[in-house]
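Colleague: how would this look folded up:
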Amino acid sequence: KKKPALLKETCNVQSNQQAFNGGNIVVSIEVLKEVIDNFSEANISEKGGFGIFYKGVLYDGTQIAVKRMECVGEGTKGMTEFQAEIVVLSK
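Modeller: This is a model prediction of the structure:
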């Protein structure tokens, strides 16, 4: 099973061909909202510690998983844990 691409940052979808880097792809938020139906419950893949994963398929057939971060509260501990989770998921 092919590992889904994870969101790295946002940019213009036309530059996606140059955006592949270690399995990550750069996609605009507008495109993400469209392919996951504006964060519809129907596209929820799973719920994680800091947010919800949504599944979708880009125009070229690439399967993606998007994690929408929930508020982690005050301090840096939550953000540090979230960033560590992203590193693990990106491998």
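Colleague: Look up the closest residue to Glu46, ignoring the ones flanking it.
Modeller: Of all residues not flanking Glu46 in the chain, Phe53 sits nearest, at 5.0 Å (C-beta to C-beta, 6 or more residues apart in numbering). Every residue, glycine included, has its C-beta placed from N, CA and C.
Colleague: That neighbour sits in which helix or strand?
Modeller: Secondary structure from DSSP states H and E places Phe53 in strand 51-57.
Colleague: Just the buried positions in the very next helix or strand once past that strand, please.
Modeller: The helix or strand immediately downstream of strand 51-57 is strand 63-69, counting by DSSP H and E. By neighbour count on 16 or more other C-beta atoms under 10 Å, the buried set for strand 63-69 is Ile64, Ala65, Val66, Lys67.
Colleague: Mind jotting down where the helices sit in this structure?
Modeller: Using DSSP state H, the helices of the chain run over 29-35, 77-89.
Colleague: how about the shortest one: buried residues?
Modeller: Going back to what we said before, that points to helix 29-35. Within helix 29-35, the residues that count as buried by 16+ other C-beta under 10 Å are Val31, Leu32, Val35.
Colleague: Over to the last one?
Modeller: Of the residues in helix 77-89, Gly78, Phe82, Glu85, Ile86, Leu89 count as buried by neighbour count, 16+ other C-beta under 10 Å.
Colleague: elements contacting it?
Modeller: In terms of contacts (3 or more C-beta pairs under 8 Å, 6 or more residues apart in numbering; DSSP states H and E), helix 77-89 is packed against strand 63-69.
Colleague: in its sheet, what does the strand it packs on sit against?
Modeller: When sheet partners are counted by DSSP bridges, strand 63-69 sits next to strand 5-7 (parallel), strand 51-57 (antiparallel).
Colleague: Just the C-alphas of the longest one, formatted as CSV.
Modeller: Once side chains and other backbone atoms are set aside, the C-alpha atoms of strand 51-57 remain, and they are given as CSV (Å, rounded to 0.1, in the frame of the first residue of the first chain):
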residue,chain,number,x,y,z
GLY,A,51,-6.2,16.8,15.6
ILE,A,52,-8.1,14.9,13.0
PHE,A,53,-6.7,13.2,9.9
TYR,A,54,-8.7,13.6,6.7
LYS,A,55,-8.3,11.5,3.5
GLY,A,56,-8.5,12.7,0.0
VAL,A,57,-7.3,12.3,-3.6
